[in-house]
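In: give me coordinates for this.
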Amino acid sequence: MKLFDFLRFNKNSNGSAKSFHTISDLFQFNLDEINESEFTKKPVNTSQTVGVHTHLELSLFPKERGLFDKLEIKKLTSNKYENFIFSKLNFKRGDIAKVKLLVNDLVTLLGIDSTNAGKFKSDDILDLKSDYWTGRSWIENKFDTPITLGFDSETGLTLVISRRKLAKTQVSTHLG
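Out: Below you'll find the predicted structure:
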């Protein structure tokens, strides 16, 4: 990977828009090949986080999609699901164009979200400039992988991918 390839995440080699076939296609970070030794294990506060038995955290450099500087993985006690939480605490107005691109890429891949919201629009810009943006949520989608994207002034911009934990041979089929 060239040093600044992360800035061209939505283009293929000939400069045209990249087509996405799987959730994994949207990211540089490979969610299917997690090396837990690279993560910091965080203590799990069971009074605040019900059902989580493992909490891992990794600083991302370069930033994922030019936005997210932290990835957390929370493995649930049931051992059936794990949440991948990409976050950016210090969201700036200059990041709105990158959010727009992410929303539009998600809509291209998954269709309109669970609230019938589609591509990024001017109302989204106004909400992102305020203290709260409901963003998008795909609770049911063709990958059976709930995804939410939102912003509030306390937690920043977050993208949560809730994935059913599968056997290694099934992971690439599930996320693509």
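In: which strand runs longest in the protein?
Out: When the chain is parsed with DSSP state E, its longest strand is strand 52-64.
In: residues in contact with the one residue sitting closest to the centre of the chain?
Out: For the chain, residue 159 is the residue whose C-alpha lies nearest the centre (Cα atoms, centre = their mean; 3.7 Å). Going by Cβ atoms under 8 Å, 6 or more residues apart in numbering, residue 159 touches 68, 85-87, 102, 147-149. No exception for glycine: its C-beta is placed from N, CA and C like everyone else's.
In: hmm, 10 Å instead?
Out: Contacts for residue 159 (Cβ atoms under 10 Å, 6 or more residues apart in numbering) come out as 26-27, 64-65, 67-68, 71, 84-88, 99, 102, 106, 135-136, 147-150.
In: quick one: it is in a helix?
Out: No - counting by DSSP: H, G, I helix; E, B strand; the rest coil, residue 159 is not part of a helix but strand.
In: before we move on, the earlier item: in the longest strand of the chain, what counts as buried?
Out: Buried residues in strand 52-64, counted by 16 or more other Cβ atoms under 10 Å: 52, 54-56, 58, 60, 63-64.
In: show me the two of these that sit farthest apart.
Out: Farthest-apart pair in the buried residues of strand 52-64 is 52 and 63; separation 24.9 Å (Cβ to Cβ).
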